[in-house]
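Trainee: Test case, fold it:
(chains A, B, C and D)
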Protein chains: 4
Amino acid sequence: MAAVKFKQLRPSYGFDEVAIVPGDITINPEQVNIELLIGDVKLDIPIIASAMDAVTDVKFAVLMSKLGGLAVLHLEGVQTRYENPAEVLAEIAQTPNDKVTALMQKVYSEPIKEKLIGDRVRAIKKAGGICAAAAMPANTKKFAPIVVEAGGDIFVVQSTVTTARHISKSYRGLIFSELCRAIKIPIVVGNCVSYNACYELMKTGIAGILVGVGPGAACTSREVLGVGVPQITATIDCAAARDAYFRESGRYIPIITDGGFKKGGDVCKAIVAGADGVMIGSVFAQAKEAPGHGYHWGMSTPNPVLPRGTRIKVGTTASLQQILFGPTSLTDGTQNFVGAIKTAMGFCGAATVQEMHKAEMVIAPSITTEGKSWQMMGPSARA
Amino acid sequence: MAAVKFKQLRPSYGFDEVAIVPGDITINPEQVNIELLIGDVKLDIPIIASAMDAVTDVKFAVLMSKLGGLAVLHLEGVQTRYENPAEVLAEIAQTPNDKVTALMQKVYSEPIKEKLIGDRVRAIKKAGGICAAAAMPANTKKFAPIVVEAGGDIFVVQSTVTTARHISKSYRGLIFSELCRAIKIPIVVGNCVSYNACYELMKTGIAGILVGVGPGAACTSREVLGVGVPQITATIDCAAARDAYFRESGRYIPIITDGGFKKGGDVCKAIVAGADGVMIGSVFAQAKEAPGHGYHWGMSTPNPVLPRGTRIKVGTTASLQQILFGPTSLTDGTQNFVGAIKTAMGFCGAATVQEMHKAEMVIAPSITTEGKSWQMMGPSARA
Amino acid sequence: MAAVKFKQLRPSYGFDEVAIVPGDITINPEQVNIELLIGDVKLDIPIIASAMDAVTDVKFAVLMSKLGGLAVLHLEGVQTRYENPAEVLAEIAQTPNDKVTALMQKVYSEPIKEKLIGDRVRAIKKAGGICAAAAMPANTKKFAPIVVEAGGDIFVVQSTVTTARHISKSYRGLIFSELCRAIKIPIVVGNCVSYNACYELMKTGIAGILVGVGPGAACTSREVLGVGVPQITATIDCAAARDAYFRESGRYIPIITDGGFKKGGDVCKAIVAGADGVMIGSVFAQAKEAPGHGYHWGMSTPNPVLPRGTRIKVGTTASLQQILFGPTSLTDGTQNFVGAIKTAMGFCGAATVQEMHKAEMVIAPSITTEGKSWQMMGPSARA
Amino acid sequence: MAAVKFKQLRPSYGFDEVAIVPGDITINPEQVNIELLIGDVKLDIPIIASAMDAVTDVKFAVLMSKLGGLAVLHLEGVQTRYENPAEVLAEIAQTPNDKVTALMQKVYSEPIKEKLIGDRVRAIKKAGGICAAAAMPANTKKFAPIVVEAGGDIFVVQSTVTTARHISKSYRGLIFSELCRAIKIPIVVGNCVSYNACYELMKTGIAGILVGVGPGAACTSREVLGVGVPQITATIDCAAARDAYFRESGRYIPIITDGGFKKGGDVCKAIVAGADGVMIGSVFAQAKEAPGHGYHWGMSTPNPVLPRGTRIKVGTTASLQQILFGPTSLTDGTQNFVGAIKTAMGFCGAATVQEMHKAEMVIAPSITTEGKSWQMMGPSARA
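Mentor: Predicted structure coming up:
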């Protein structure tokens, strides 16, 4: 049986299975630097709001910029299909569970208006925000020039799985190297989860990578397709590709872990795993300023044939300012994400995000339960 | 203690513990080929309905054939014991929980009529279906010629565990090499879960293998006997046997992972593990056209001495067409299995089922929970 | 840091974490031999009822013998403290939860009567049973001669943890080699869970080993003390000691896995792990003939200072005959243990218990959930 | 890809994932010695009550000393902010859930009175207790001399994560080697969880280490920050540092595992992992003599910006005497901690805590469930 080959499976880990080990040195949290550089765009905080209709509209993008981060406007959502998207969003929020999929299928069948793309970009810029806009690969060649023309700062090409090589008989795929030459603003591409896919994308000249397949709170790709890699392992693998590409090329391409975050601790763990930034959806859908009225849904939810998302009720919990910076009276890690990042970096003696990549992390599934029996009894015991 | 030997246990994995890693190349899902070849019978889709009374009757077999798959008629169930099995199936569905085992023990003590075997096969063929029929090893020598005579296309020899070598003082076991010489239609044998057992069966000349001991939704063998191997590992091991046998003999014997499927993602994972096809029971018992009226039970349930199955209520959810091909408004992966297979193959850049065997898979128990706290709260949060 | 030594922990496994792999050969279950030999006492089935007051009284011991197994009478329980133990057992069963510990502390403070020891042994022998009786090490030197004198067949020395070497300043410990020379019936000793402890006990001349610390359904030692080894690993380690000792001495000392069994599959797994027999408590406490009236408790429950057991309600489910041999209409593995052992051995091609030790076993935590979503919904879905 | 480096994660374990293996020798529990030596202070039992407001006040500290252990008074809690802390504690206990965080933020904004520090220390000493007092690093240089002056025996410097090297531009950090020279009573420092951090702290001359980040019952650091190491692994790593430092220096610095204890078994496991002593909070908050009126909260709970603790209701269950020494009628391991330690040491043949460090421990997640299905049904089945 010497020649017999069995398929090998390697282990992979998600947020709840790991924990950060404090360092041998500690540092005052006020001294840490957490900025994120995407091409020539510098963000004070390494946090990006998802390109999802329940999270980012023009006002939210402007506010997020002012707070030091970035929000990405989806060019294939309600913002570019409707002159007045707020109306449509309100209708989605008010529709009962059993009718919402049908409604969404109708809402998202309205054609995209190219004029609205330019309008939205200009509105964000006019209000002083950084403008990032996202489209699927198929629409990128058409939409990206409109965004650039209107003054956009970053273009995001995003689909469930994106690679540098896509095979299709029916159409000529998007060639990222051509796109990067044609479009003079930073291009962020995603999503990917493996070393090779990430490495090949970096070689095309893009300016950032989104890491993550299927972790989103409103996403069901992992059930429907079985495809996905838990975020800690996905981030570790893509970080290895970034570091290898940097050693070879001298170009440092940030990787942004996208999806699956619930608590500040998750963001800290993504950074230790190697993330330069994080993209967050459902938690921001809880902000008072979010356009989703306390609901959230995946952008694949309206797919009429194989829907892979679901509408979830996340509620409205606090202002975006509080979610990012506190103060808070919640003790469960769902608010003051920036404070959490800085405090954790202080405990690890990391003065920069890149130093935080070197902190030790352990596999620690017990971390969520050890000693916590009273907390696990729920609100009545958390009295 | 140099000579001391401790029994070694190797790890094994089931559907919920693994996840598929997207590839470095992607492919348009419309370009993938998912056909399955069993001997000279070619199926457009690699999906087979189980030989179980709540799943396959004559009409279901015909419909499944027309949709590109296959359904296996059990020759030891109600279809061959009763002239009018629909009556009996209705009675099982209407009997309350506490009386159903007794009823089943009575129902399945009615003798099998050889004449009905021929009738059922001919009915499927006359309606234009592919006819596959199954029996236990003990009845195979008697029933297989009847099936061939009536025009059957595939014969399935199936018991909980089947090996090429069975030891019995009281009767001469079924010799598969003799059977393959005697019967000129493809013979599929199962079930097995290990490299050696699979390899030895392939050497007998059979045309396909069923993989899986105990995963079925209505099966309790694993509790009663402690016997079974989780489906991902069972499929990996049998696929290694298939590949080894192919290298030696030039004959490619498909392996069909049988049982334990709940969602499209499970089917995709089985294929990545090495399956050429899948056999599904409980999900098809949910089809409008299934004969079980929304109930499902294992074929070992009526055993009077050591029953190893249970009747479960699965409900009726959609047409078989929808379950296989959509469209669907369900986002949990329980419908549009073919769309799921093709989409996952596209994400892995696999143009054929055999290329999909080479996709990477990781051990990823967190895949079902990472980021999904709202979905896990159940229907009220999936609002 | 070359010299730094971190404490190493090796993994260990319990019943629910492993599964038996079917063999390359199968055998007719009716042909398997499952007898157990303890010294010169031969049992038809390798199943022993625990020395616990809710399980074994004189009548139960006689019945168990007639069915081919063995039941052990505890010499420090109610049977030897009370002329009429049935009365006391009824009182325990009728006492409410909040008063039962106090009652038990009182009940078990009644002195043991040596005369009753002889009476109970003679009663079992007179009715044609095999008589096995158990005591703690401290009482062994006094009670064992009484048992022998009255005609007992096997003496069991049992405490939570027993080793060949016990250190005490206040009393001279029991020396097993002396005991074996003094007492001419087979001596079974327990409990132990490790290679060394088992090996050293075997060298003293004893005739059998009980394996297991803390798994019992009514035991809480693992919570109170943190001490214990899951039964599959404990059995594998002690089986390695048995085999090593057999290679050196030519004496084959059976090991009996004691406690933690809930289903037939658990018993099959213990045997594959290396057990020659099993000792069962809580499942037998469910028998109609059990003296506990549907209750069960650990023999450490009445300890006034550090109680390490609890009274549990197990209910009364079937006759002992049915639990051991069926027939049954239950499909969850809680009845027909002998049928389960023989069927599993058939699937593994094992003609004897010792051949079954060679079957393959895998680590398979998913075995209890794979494909079982409907069964896991509980009785309503198991409709 | 030879040069590619993926971040490595090593496994780590908590209390519920491991189990102690009994030894080859057993010893009479009455013969074991469990004393703990911190500098020149000798404790009869290796158990210390946490520096938390719901656990330790003057009376509790005195009682704990008399029972052979130690309790640490927090110098930054209500005891030193209020002349009459009992009033404040009663108010916290009576305030409803939704208002308690606000109340605490107010309560803990009252300034600390240096005079009260001296008063509390003197009160403990006058009543015959051993006095240990704790402060954060920032307050240590100011408070430690006051404690010494008033007759204190041990000074504890405690923060979530403490290292020998802290970087801050805004203030000069506490230098432990200077502190040890200045203060002539034993200094205990914490918390830490890794080999290096522990080793470096030991080199500064301190007299004891607290091990543990985030396990406390009322702590939410692990959710908020993602930082922490499960207690078994943290203890093993710090014990390795202690042993290495002892080999080099001849100085044996005890390590005290702090937090996460729920049952006697947890304490026993910590000792086997290498702990010389344990520090316990929530279980002692259940004592009749505890000042928290059945509530318990983390000392980071009142933090106005990033609170990392929560108030939990633990109830009042027994006297401190009973929790430590029994007798008890509870069988779940929450009382008689000393009896549990001695019994477990007896089962491992360990005459001292240091010998207990050599006992074998296995990874055994199944230990909490194997065979316990009835117990897991909860109080109704624990009838």
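Trainee: Helices of the stretch 1-150 of chain A, start to end?
Mentor: Ranges of helices in the stretch 1-150 of chain A, per DSSP state H, counting those that start in this stretch, are A:58-66, A:78-81, A:85-94, A:97-107, A:114-126, A:137-149.
Trainee: For those helices, state which one has the densest average packing.
Mentor: Most buried of those, by mean neighbour count (mean count of other C-beta atoms under 10 Å in any protein chain shown): helix A:78-81, with a mean of 23. Bear in mind the C-beta positions are built from the backbone N, C-alpha and C, glycine included.
Trainee: That helix - what's its average pLDDT?
Mentor: The average pLDDT within helix A:78-81 is 97.
Trainee: same question, stretch A:143-162
Mentor: 96.
Trainee: from the middle of its chain, how far away would that stretch be?
Mentor: In terms of C-alpha atoms, centre = their mean, to the nearest Å, the gap separating the centre of stretch A:143-162 from the centre of its chain is 15 Å.
Trainee: now do stretch A:147-165
Mentor: 14 Å.
Trainee: now stretch A:328-347
Mentor: Taking mean C-alpha positions (C-alpha atoms, centre = their mean), stretch A:328-347 and its chain are 19 Å apart.
Trainee: Against chain D - does that stretch have any residue that ends up touching it?
Mentor: Yes. On the criterion C-beta under 8 Å from any C-beta of the partner chain, stretch A:328-347 is in touch with chain D at A:328-333, A:336, A:339-340, A:343-344, A:347.
Trainee: Determine which of the helices of the stretch 1-150 of chain A approaches C:Thr163 most closely.
Mentor: Evaluated over the helices of the stretch 1-150 of chain A, closeness to C:Thr163 peaks at helix A:97-107, with 62.7 Å, by C-beta to C-beta.
Trainee: what is the orientation angle of that closest one with helix A:85-94?
Mentor: On the basis of axes from the mean of the first three to the mean of the last three C-alpha atoms, to 10 degrees, helix A:97-107 is oriented at 150 degrees to helix A:85-94.
Trainee: could you say what helices and strands helix A:97-107 packs with?
Mentor: Where contact means 3 or more C-beta pairs under 8 Å, 6 or more residues apart in numbering or on different chains; DSSP states H and E, helix A:97-107 is packed against helix A:85-94, strand A:311-313.
Trainee: Let me see the mean pLDDT of it.
Mentor: The model assigns helix A:97-107 a mean pLDDT of 86.
Trainee: circling back to that earlier point, a markdown table for the helices and strands packed on helix A:97-107, including distance to chain B and mean pLDDT?
Mentor: Written out in a markdown table, the entries for the helices and strands packed on helix A:97-107 read as follows (distance: least, C-beta to the nearest C-beta, whole Å; pLDDT from 0 to 100):
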| stretch | distance to chain B | mean pLDDT |
| --- | --- | --- |
| helix A:85-94 | 10 | 95 |
| strand A:311-313 | 4 | 87 |
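Trainee: Identify whichever of these lies nearest to chain C.
Mentor: Closest of the helices and strands packed on helix A:97-107 to chain C is strand A:311-313, at 20.9 Å (criterion: C-beta to the nearest C-beta).
Trainee: How about that closest one, which residues are buried there?
Mentor: Of the residues in strand A:311-313, A:311-313 count as buried by neighbour count, 16 or more other C-beta atoms under 10 Å in any protein chain shown.
Trainee: Does it pack against any helices or strands, and if so which?
Mentor: Packed next to strand A:311-313, using 3+ C-beta pairs under 8 Å, 6+ apart, are helix A:97-107, strand A:295-297, helix B:373-376.
Trainee: Get me the contact residues on the stretch 1-150 of chain A for chain B.
Mentor: A:1, A:3-7, A:9-17, A:97, A:101-102.
Trainee: Which among those count as buried?
Mentor: A:7, A:9, A:12-17, A:101.
Trainee: which residues of the stretch 151-300 of chain A score low on pLDDT?
Mentor: Low-confidence segments of the stretch 151-300 of chain A, defined by pLDDT under 70: A:171, A:217-218.
Trainee: now do 80
Mentor: A:170-173, A:216-221, A:299-300 (pLDDT under 80).
Trainee: Over in it, which residue gets nearest chain C? Let me know.
Mentor: A:Glu223 (12.0 Å).
Trainee: Tell me the helix or strand right after the helix or strand hosting that residue.
Mentor: Assigned by DSSP states H and E, A:Glu223 falls within helix A:221-225. Counting by DSSP H and E, the next helix or strand C-terminal to helix A:221-225 is helix A:231-249.
Trainee: for that following helix, which positions count as buried?
Mentor: Quick answer for helix A:231-249 (16+ other C-beta under 10 Å): A:231-245.
Trainee: on that earlier part again, would a markdown table of the helices and strands packed on strand A:311-313 with distance to B:Lys262 be doable?
Mentor: Formatted as a markdown table, the helices and strands packed on strand A:311-313 follow (distance: least, C-beta to C-beta, whole Å):
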| stretch | distance to B:Lys262 |
| --- | --- |
| helix A:97-107 | 21 |
| strand A:295-297 | 23 |
| helix B:373-376 | 15 |
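Trainee: got a list of what A:Val157 touches?
Mentor: By C-beta atoms under 8 Å, 6 or more residues apart in numbering or on different chains, the contact list for A:Val157 reads A:134-137, A:140, A:174, A:176, A:179, A:187-190.
Trainee: and if you look at A:Ala150?
Mentor: A:117-119, A:121-122, A:125.
Trainee: Swap in 10 Å and give it another go.
Mentor: Contact analysis of A:Ala150 by C-beta atoms under 10 Å, 6 or more residues apart in numbering or on different chains lists A:117-125, A:131, A:133.
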